[in-house]
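[1] Sequence plus predicted model, see below.
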Amino acid sequence: MDGYKQKTYEGRTKRYVQMLDLRDDPEMIREYRKCHSQEYHWKEIRDGIKAVGILEMEIYILGTHLVMIVDAPEDFDWQTAMDKLATLPRQAEWEAFVSKLQGCRAEARSDEKWQMMERMFYLYDEDKT
């Protein structure tokens, strides 16, 4: 594997890592992959993610396990951004749609579904707090 190229940003950033499990159903997993693909994603959702200040969002999958990585400016406030995101066009509709594949309540917000992970290791360089 060649790895994944990362964007570079002007100024310092911080990263959030979250996890979520999908329903253990191959057809639902295919549908989840499809609705997140470049061809079929909902533009309003991508635009909303950017509008709340998120610089990059990636989702990785292994079986039914998802890991989301979010890069944001150093002064980004997670809760403020999630509160704003929940009010943006089509966001509630999107959450209800994907909740069927995720096994979550239809009315659950993104920040209620995805569980924040704790970083337990990094290379301990001086500037990586």
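    Noted; the coordinates are in hand.

[2] So for this structure, the centremost residue is which one?
    Per CA atoms, centre = their mean, the C-alpha nearest to the average position across the chain is that of residue 68, at 4.4 Å.

[3] For my notes, confirm that residue occurs in a helix.
    No. Using DSSP: H, G, I helix; E, B strand; the rest coil, the assignment for residue 68 is strand, not a helix.

[4] For it, which non-adjacent residue is spatially closest?
    residue 18 (4.6 Å; CB to CB, 6 or more residues apart in numbering). Every C-beta, even on glycine, is put in place using the N, C-alpha and C of the backbone.

[5] The host helix or strand of residue 112 - contacts with which helices or strands?
    Using DSSP states H and E, residue 112 sits within helix 110-113. The contact analysis (3 or more CB pairs under 8 Å, 6 or more residues apart in numbering; DSSP states H and E) places helix 110-113 against helix 78-85, helix 91-102.

[6] of all those, which lies closest to residue 37?
    Closest approach to residue 37 among these is made by helix 91-102 (13.3 Å; CB to CB).
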